[in-house]
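show me how the following folds:
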Amino acid sequence: MMKRLNAPARLMIVSDLDHTMVDHHDPENMSLLRFNALWEACYRHDSLLVFSTGRSRTLYKQLRKEKPMLTPDITIMSVGTEITYGTSMVPDDGWVEVLNQKWDRNTVTEETSKFSELTLQSETEQRPHKVSFYVDKDKAQDVTKALSEIFAKRGLDVKIIYSGGMDLDILPQGAGKGQALAYLHKKFKAEGKLPTNTLVCGDSGNDAELFSIPDVHGVMVSNAQEELLQWHAENAKGNPKIIHATERCAAGIIQAIGHFNLGPNTSPRDITNFSDSELENVSASSEIVKFFLFYERWRRAEVENCEIYLASVKADCDASGILVHPSGAELPLCGAITGMRNYYGDKQGQQFRVWVDRVLSTQTGLDTWLVKFNKWELSGDEQQGCVITCIINMKKDGVSRATYMHVHETWLEGSGAKDQSTWLF
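Model prediction:
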């Protein structure tokens, strides 16, 4: 991942997940899907996405199965005590060495066991550099103060973080979401790749450290908890680089991108008629996003059942182009588009969403691009996904136009469609 970008990232977004990137009160996941489309169309190719969460690896992977989330370049988990890279989640051994200093987990568990006010969280949330409890809100301050004094006497340099009105985490002093970000910044700077801009996003107490990192932009989403708003009032009220959004969760992140002029902030999902609207920075990636949004809307009957639409899409396919279906069957690209006619509105009124992830393109010729990405469909509670590789010709004769030359699809492991006849693209 560190080598994916040849130059400093244009933008690095570092976002908490629960109630920040992911809105658990949004059953349609619309703000998250809006962000996904914007990121893949305009940012994935030259920017970095970092998820910074209090969740352990186990609970993080569980959330990915439940929500239409993108794959981040970097994952910071367990309240900043673990840093991993890429889809394989390769751990950062250097960060482990930093956290081992002045940390004795056995002493932490020994002393905390003496407090009846503390209830251990599940085993999955207990990590090498994190011990986690639940504590009642009215007892949290007294317990935190008492523990701090005890650990100081024992010679431990620890950090106690209270967030969410119930969660109490004990970490090495050098750990935390903010320190993990500072470590990444230092690492990127050493390689000459410090991101041009960094936007941090959060909603609760364990996100406060993110906003303390020098030279970052920050957004507290509109649904931010009292503990974070209080921290802001006491520590950063006059900082123009930190805003309290008027939009919830991922919609607030999009709002902040626009507020700080960090780049395009119109999600393709907010464009109702692509024929009348031009996406900023038209590219192979934006064309991919645009096509699958049309595909979703066609099957949900959110666009008019009009032959002109299909003819327009068909015109973007090379006459001799081939689609290799995940089943292995081969069919003409234009024929596959024609076949969409039979599926108009078949998902109307249903929870059916389509999104793409990890859209990365490589220029292979003067006007030719090789584009690879994951494409997902959510139908009810079932997610199905495949890897798509396609060859696209991008002509720029005054107006950019994409022509699909070849499309090859392969099921993602464990994500194949049970009824393959309904998987069109």
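
going by C-alpha atoms from here, please, whenever you check contacts or count neighbours.
Fine.

residue contacts, residue 21?
15, 32, 249-250, 253 (CA atoms under 8 Å, 6 or more residues apart in numbering).

got it, and residue 16?
51-53, 201-203, 207.

where along the stretch 301-425 of the chain do the helices fall?
For the stretch 301-425 of the chain, applying DSSP state H, counting those that start in this stretch gives helices covering 307-315, 333-339.

next one: stretch 161-176 to chain centre, how far?
From the chain centre to the centre of stretch 161-176 is a distance of 23 Å (CA atoms, centre = their mean, to the nearest Å).

from now on call the first residue 26
Okay, using 26 as the starting number, the last item reads as stretch 186-201.

how about residues contacting it?
104-106, 123-128, 133, 154-162, 165, 182-185, 229-231, 234, 250, 252.

again with stretch 340-357
Contacts of stretch 340-357 (CA under 8 Å, 6+ apart): 358-359, 361, 411, 426-436, 445, 449-450.

mind listing what the closest residue to residue 54 other than its chain neighbours touches?
Nearest non-adjacent residue to residue 54, counting by CA to CA, 6 or more residues apart in numbering: residue 48, 6.9 Å away. Contact partners of residue 48, counting by CA under 8 Å, 6+ apart, are 54, 56-57, 273-275.

most neighbours of all these, which one?
residue 274 (33 neighbours; other CA atoms under 10 Å).

any idea how far that one lies from residue 297?
Using CA to CA, to the nearest Å, residue 274 is found at 22 Å from residue 297.

also residue 282?
From residue 282 over to residue 297 (counting by CA to CA), the distance is 21 Å.

redo the contacts of residue 48 as TSV? Include distance to residue 141.
Converted to TSV, the contacts of residue 48 look like this (distance: CA to CA, whole Å):
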residue	distance to residue 141
54	39
56	41
57	39
273	36
274	35
275	38
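
with those in mind, which one is nearest to residue 90?
residue 54 (13.3 Å; CA to CA).

and the closest one, how far is that from residue 262?
From residue 54 to residue 262 the distance is 31 Å (CA to CA).

list the contacts for residue 202?
So residue 202 contacts 77-78, 101, 104-106, 231-232, 234-235 (CA under 8 Å, 6+ apart).

repeat the analysis, applying 10 Å as the threshold.
The neighbours of residue 202, taking CA atoms under 10 Å, 6 or more residues apart in numbering as the test, are 39, 41, 77-79, 101-108, 208, 231-236.

torsion angles phi and psi at it?
Main-chain torsions, residue 202, degrees, to the nearest 10: phi -60, psi -40.

sorry, back to before: among the contacts of stretch 340-357, which are in strands?
Counting by DSSP state E, these place 411, 426-436 in strands.

which of the residues you listed tops the neighbour count?
residue 429 (27 neighbours).

next one: it from residue 382, what distance?
In terms of CA to CA, residue 429 sits 19 Å off from residue 382.

please report how far the residue nearest the centre of the chain lies from residue 384.
A centroid search over the chain (CA atoms, centre = their mean) returns residue 95, at 4.5 Å, as the residue closest to the centre. According to CA to CA, residue 95 and residue 384 sit 10 Å apart.

shared neighbours of these two, anything?
64-65, 399.

where does the stretch 176-325 of the chain dip in pLDDT?
For the stretch 176-325 of the chain, the stretches with pLDDT under 70 are 299-306.

which parts of it are strands?
183-188, 192-197, 223-227, 242-245, 267-269 (DSSP state E, counting those that start in this stretch).
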